[in-house]
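**Q** Build the 3D model from these lines:
(chains A and B, ligands or ions: 2)
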Amino acid sequence: MPRKCGSCGVKNAILKRPKTGDALCKECFYWAFEEEIHHTVLQAKLFSPGETVAIGASGGKDSTVLAHTMKVLNERHNYGLKLILLSVDEGITGYRDDSLETVKRNQQQYDLPLTIVSYEELYGWTMDAIVKQIGLKNNCTFCGVFRRQALDRGAMMLGADKIVTGHNADDIAETVIMNVLRGDIARLRRCTAITTGTDGYLPRCKPFKYTYEKEIVMYAYFKKLDYFSTECIYSPNAYRGFARAYIKDLEKIRPSAIIDIIHSGESMQVKKEVRMPTQTTCTRCHYISSNEVCKACVMLEGLNKGRPRLGIGKIHKERRKWDEELAAQGKLQTVDGGGTDSGNVQVADGETESSAGNEQRTCSGVCSGVC
Amino acid sequence: MPLPLIIEFSGGAELLCGNVKKHNVELPEQKDKWQVRTLLPWIRDNLVQERPELFMQGDTVRPGILVLINEADWELMGELDYELEENDRIVFISTLHGG
Ligand SMILES: [Zn+2]
Ligand SMILES: [Zn+2]
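**A** Ligands and ions are numbered 1, 2, ... in the order given. I've put the predicted structure just below:
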């Protein structure tokens, strides 16, 4: 009953590729899947021999398949990379502790070193404790900002040159749509970039930029890769949920929609130059920041002072109040970078697209953050 | 004659079915042949325990759920029109959970 493979013509096809419509057998699918990612890696010149690459590993499908594929390609094509699994423990009981067990199994299965950094050791707060304090309203904002920084710090600790994350084509298309809907031009420009965060941050690459989620899941299924799939227990991110459902609906009608949206995002031109942040270091934690005090530290200050609204949204009045307090103490020259366009302050805040990209999955629960 | 099938859920879709991944089921006898089209509402009514809207949308599966019929993509097998045979194995994988 099933068709023959369109590539080898011998075996039965097991999958219809969403990007091309080709029907492929298992072996031809594996090969096409892996070699397309290799092609992306070469095309975008993602790596150089001798580099240490930290794989952001959440235990979810994308990062599990990413770790597997990176290992396969590193060996097959002699990338000469040192690969390390890096996980962030947000401190979410019943969610992250279970998914970290999956990462620990991956470590064994793929024979790669694993490092776990936790919010608790970095910030003194677990997500469980944060939610207890602030409730379920803005928790994903905290989580996104902290995760981005945590992954960076973990990777720096390990002496990594780069971070790779499992963001796939569906995720990026979703982020393009969300940035359009929010009118977030600065992020819109960045969110389709295959490598981000080069000015002071560790570069972050997305080898799965053109890889459809369907293929990632099918690859994991046929290869029997061990991954963890539960929603984050603190994930109310309805907005991303809608964007996601919308993309999937479009894909159903026309599978190329996902790549088309990414291309649209790439080619959108911004007329007026958007004020881009200038990088400096946070006076508190010395981590790279575009402000005097970085977003993570502002948020921590809020948590520690029982004013958790600090640091959320655009310039919030809590932050203004805090700025005034600091100014009064003579501790502050310019917290918001001295710009006049307050609408851009969030953009200038050192949380880049990946907070959208990151809040993304763990927090939206649809995937897992570092994924 | 009732029709025995193996129905499996994974990738988070099992959460809709009391976290049970594998179900050995028997579809009741009916005069028309069972198709995936008629199987889906049967699953919704008999196996899915919560949020049925996360399983079905209209007369098909919710976009984002992958379906395999005997280890092959259902898009190669006729999707809703596929006529079920004895001991077919149907797998539903959610792509909407976990990254
Ligand atoms: Zn083949
Ligand atoms: Zn700081």
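
**Q** tell me the domain boundaries of chain A?
**A** A:48-267, A:293-359 (automatic domain parsing).

**Q** ranges for the strands of chain A?
**A** Under the criterion DSSP state E, strands of chain A are mapped to A:15-16, A:23-24, A:52-56, A:82-89, A:114-118, A:162-164, A:195-196, A:204-205, A:280-281, A:288-289.

**Q** Please disregard the earlier target; I meant chain B.
**A** In chain B, strands defined by DSSP E lie at B:3-10, B:22-27, B:56-57, B:60-61, B:65-69, B:72-73, B:89-94, listed in chain order.

**Q** how about these, which one is nearest ligand 2?
**A** Ranking the strands of chain B by proximity to ligand 2 (Cβ to the ion) places strand B:89-94 first, at 37.5 Å. All C-beta spots, glycine's among them, are computed from the backbone N, C-alpha and C.

**Q** list the buried ones in that closest one?
**A** B:90-94 (16 or more other Cβ atoms under 10 Å in any protein chain shown).

**Q** my read: A:Arg204 touches A:Thr196, true?
**A** Yes: with contact defined as Cβ atoms under 8 Å, A:Arg204 counts as touching A:Thr196 (5.2 Å).

**Q** which of those two has more neighbours?
**A** A direct count of neighbours by other Cβ atoms under 10 Å in any protein chain shown for A:Arg204 and A:Thr196 places A:Arg204 higher, at 26 against 20.

**Q** residue contacts, B:Trp34?
**A** B:3, B:27, B:83-84 (Cβ atoms under 8 Å, 6 or more residues apart in numbering or on different chains).

**Q** Check the spacing between it and ligand 2 real quick.
**A** Going from B:Trp34 to ligand 2 by Cβ to the ion, to the nearest Å gives 61 Å.

**Q** Tell me the spatial nearest neighbour of that residue, not counting adjacent residues.
**A** Nearest residue to B:Trp34 in three dimensions, chain neighbours excluded: B:Leu84, at 4.4 Å (Cβ to Cβ, 6 or more residues apart in numbering or on different chains).

**Q** what's the one you found in contact with, if anything?
**A** So B:Leu84 contacts B:3, B:5, B:27, B:33-36, B:39, B:90 (Cβ under 8 Å, 6+ apart).

**Q** Can you tell me which of these are buried?
**A** Using 16+ other Cβ under 10 Å as the burial test, these include B:3, B:5, B:27, B:34, B:36, B:39, B:90 as buried.

**Q** where does the chain have low pLDDT?
**A** In the absence of a named chain, this looks at chain A. A:1-2, A:198-199, A:231-238, A:269-277, A:310-323, A:326-371 (pLDDT under 70).

**Q** right idea, wrong chain: chain B
**A** Low-confidence segments of chain B (pLDDT under 70): B:97-99.

**Q** Return the residues of it in contact with chain A.
**A** B:10-12, B:15, B:62-64, B:66, B:68, B:71-73, B:75-77, B:91, B:93-99 (Cβ under 8 Å from any Cβ of the partner chain).

**Q** which of those residues count as buried?
**A** B:10-12, B:15, B:62-64, B:66, B:68, B:72-73, B:75-77, B:91, B:93-99.

**Q** that older thread, now the domains of chain A in TSV, please, with extra columns for distance to chain B.
**A** As requested, these are exported to TSV (distance: least, Cβ to the nearest Cβ, whole Å):
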stretch	distance to chain B
domain A:48-267	4
domain A:293-359	10
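
**Q** out of the ones you listed, deepest packed?
**A** Among those, domain A:48-267 has the highest mean neighbour count (mean count of other Cβ atoms under 10 Å in any protein chain shown), at a mean of 20.

**Q** ok, it near ligand 2 or not?
**A** No: Domain A:48-267 does not reach ligand 2 (Cβ under 5 Å from the ion); its nearest approach is 8.0 Å.

**Q** No further questions, thank you.
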